[in-house]
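Enquirer: Next input, structure requested:
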Amino acid sequence: MKDAEIREEARQYFIPIILGNVPSSRKLARRIYRKYGIISLILDEKGSPLQLLDPTNRFFKLTAVKNSAFTALQLADLAEQTPYTLLLLIPCSDKYMRVVEENRELLEKSFIITNEDQVLTNSPLKIIP
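Expert: Okay, here's the model as predicted:
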């Protein structure tokens, strides 16, 4: 299989799920897109109208709750809707880092949990040529 074919298959298989609509998450989405051509999903309670113009990511609204377990259940539900994919969960804000840590056991059933420092160097994405 040629590199171009592998990259095309990877675009359909890998889905980076970035938690937190903060500047670092949008920067990470741009880096993933530039390197692999993969569009990331950014999840948070509030989006930005400017995201509609950004081809590197799509925004998905999470229901605002104070209970981290409910947020984790929302994420698990999203994972059930995307079978046959490998979901990379990347928390980019303190709030979502806590959600992931408090609900790691549930989330690890559906996601590869990584962080923004390692997603490009030490995650399944690194196998893409």
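Enquirer: from here on, contacts and neighbour counts on C-alpha atoms
Expert: OK.
Enquirer: Need the residue closest to the centroid of this structure.
Expert: The residue lying closest to the centre of the chain (Cα atoms, centre = their mean) is Ile17, at 1.2 Å.
Enquirer: Does that one touch Ile38 like I think?
Expert: No: here Ile17 does not reach Ile38: they are 11.2 Å apart, not a contact under Cα atoms under 8 Å.
Enquirer: Assign Phe60 to helix, strand or coil.
Expert: strand (DSSP: H, G, I helix; E, B strand; the rest coil).
Enquirer: That one: how many residues sit nearby?
Expert: 17 (other Cα atoms under 10 Å).
Enquirer: Quick one: residues contacting it.
Expert: Contacts for Phe60 (Cα atoms under 8 Å, 6 or more residues apart in numbering) come out as 41-44, 47.
Enquirer: Looking at the residues you listed, spot the one nearest Ser93.
Expert: Asp44 (10.1 Å; Cα to Cα).
Enquirer: so that closest one makes contact with Lys61?
Expert: Yes: contact criterion Cα under 8 Å: Asp44 and Lys61 qualify, at 5.5 Å.
Enquirer: Mind checking which of the two has more residues around it?
Expert: Asp44 (19 against 12).
Enquirer: tell me the phi and psi of that one?
Expert: phi -170, psi 180 (degrees, to the nearest 10).
Enquirer: and what of Ile42?
Expert: phi -110, psi 120.
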